[in-house]
Structures are given as structure tokens and as C-alpha cells.
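In: here's a sequence, model it:
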Amino acid sequence: MAKEGADMTEETEYMIDKNVESSGDAKEMRAVVLAGFGGLNKLRVTKKAMPDPQDGEVKIRVKACGLNFLDLMVRQGTVDNPPKPPLVPGFECSGIVESVGENTTGFEIGDRVMAFVNYNAWAEVVCTPVDFVYKMPEEMTFAEAAAFSLNFVAAYMMLFEVANLREGMSVLVHSAGGGVGQAVAQLCSTVPNVTVFGIASCFKHAAIRDSVTHLFDRNVDYIQEVKK
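Out: Below is the predicted model:
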């Protein structure tokens, strides 16, 4: 594990361009750029032109951004109709409203927000349509907000729009330790008397034990255990 950690640190350090420093130049920003599909060596931190909000858009100073399985698929080029690199990955972020475009209402400079972004979230600043920007609850941290949007929307759609979750039902959650899995378990708690069966690796059990009714090791025959 120590060697693996050292290797990961070395690879991450490779991604960071030592010549790229946070600049006071308002015309530039730092961003993580995917130069081509493949491994982590295809990602680099570099400078890009600072975006300006267009009509109906909000400009956000990013404090945290999400990292999801979708981002991994984008990096590998395995999504349907992948965009042509170079590109800035990332589909969700949180931060502070820095400015708003023309014909944009509902937000003021300084608002703490979370947002869906069509790529470009892995940057210091991002612009996105106001329809995909939401004010954060006061008690929510930027890290929590950045990890909320995609996971909980996916979980909500599966539970309430596809499965039509109702009182007294049972739900089997594969990968209960993942972001969507944890969101599913938490949303199940909003419906009375729902039994949640969670499947996850043993090392994740301690962190998610309180959010599921019955927890099973994914490396054993959990089907028979669930039937019991």
C-alpha cells in the first residue's frame, strides 16, 4: 500500500505543471486539461482563457468539483460520442457566484452555489446556464455540494421515477459504498418502512453501516444471505 501511495503521488505530481502559478491576471485561469484519451498522464494543469458569462449564465469561482465514474469514462474515451480533446473534464462543481450575464436573475455576486456543468468543471472558474445552478444550504460545505448533484439526481430518478419507491418496499443496492449507492440509501430513509440491502466491500462497511438495514460483503454469496 505504501508503494502504491508513492506511485500515485508521483503520477499526480507529474500532472501539475510547475510553471503554472495562480495569477492575478483576470484574463487567465488554471484548469485540468485532458490532452487525449487514456491514463492519468493525459491530464495536465495548465492555463486557459478566463470565460465570461453569456446571456442567462452564471460565472462561478470554483471551490470544489466532483469526480465521478462518468469522468473516468470520459478520460478513457468510452462514453458515447466523446468530445474531441483537448478538453476540460468535470460535470459538477460548487463555488461562489463571481458575476452574472445579461438576462440572468435569481443570483447575486457572493452567493454560495452548486451547479451542473457540461464539461469544464475542473477549472478555477466556470460559466453555466442559470437553470443548472442552485443555492447551497447554509450548513452544506463546498465539498459536500460538489459531490451532491450527479449522485443524488441519478439516485432520485432511479428510486422515484423508475422504481416508484413506496412505503414497505425493499431495495437492493449494489455498490452501496459508492456515491450513487450512498445517495440511494439516504433517499430510501425518506420513505417509511423501506428495507435497504447494501452490497459493498468490507473496508467500506464501517462508513455506511448506519445507512442500510442489512449489509453484505460483495465478495461472498450475498444472494443466499439476502434470501435468508
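In: now for the spatially closest residue to Glu57 that is not a sequence neighbour: which residues touch it?
Out: The spatially closest residue to Glu57, leaving aside those adjacent along the chain, is Gly101, at 4.4 Å (C-beta to C-beta, 6 or more residues apart in numbering). Bear in mind the C-beta positions are built from the backbone N, C-alpha and C, glycine included. For Gly101, the contact set (C-beta atoms under 8 Å, 6 or more residues apart in numbering) comprises Asp52, Pro53, Gln54, Asp55, Gly56, Glu57, Val58, Lys59, Cys127.
In: can you map out the strands along the protein?
Out: 28-34, 43-49, 57-65, 92-100, 112-116, 125-129, 133-135, 170-173, 195-200, 214-217 (DSSP state E).
In: TSV for those strands, including mean neighbour count?
Out: TSV is the format used below for these (neighbours: other C-beta atoms under 10 Å):
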stretch	mean neighbour count
strand 28-34	20
strand 43-49	16
strand 57-65	22
strand 92-100	22
strand 112-116	22
strand 125-129	22
strand 133-135	17
strand 170-173	18
strand 195-200	21
strand 214-217	18
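In: reformat those strands as TSV; add mean pLDDT.
Out: Rendered in TSV, the data for those read as follows (pLDDT from 0 to 100):
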stretch	mean pLDDT
strand 28-34	95
strand 43-49	94
strand 57-65	96
strand 92-100	95
strand 112-116	96
strand 125-129	96
strand 133-135	96
strand 170-173	93
strand 195-200	92
strand 214-217	89
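In: any chance of TSV for these, columns distance to Thr78?
Out: Listed next are those as TSV, based on distance: least, C-beta to C-beta, whole Å:
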stretch	distance to Thr78
strand 28-34	13
strand 43-49	16
strand 57-65	21
strand 92-100	19
strand 112-116	21
strand 125-129	24
strand 133-135	29
strand 170-173	24
strand 195-200	24
strand 214-217	29
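In: follow-up on the earlier one: which one of the contacts of Gly101 is nearest Phe216?
Out: Distance to Phe216, by C-beta to C-beta, is smallest for Val58 among the contacts of Gly101, at 43.0 Å.
In: where along this structure do the helices fall?
Out: If you assign secondary structure with DSSP state H, the helices in the chain sit at 2-15, 69-76, 142-146, 149-156, 179-188, 205-208, 222-227.
In: buried ones in stretch 218-228?
Out: Along stretch 218-228, the positions that meet the burial threshold by neighbour count (16 or more other C-beta atoms under 10 Å) are Tyr222.
In: for Val97, give its distance to Ala121.
Out: When C-beta to C-beta, to the nearest Å is the yardstick, Val97 and Ala121 sit 15 Å from each other.
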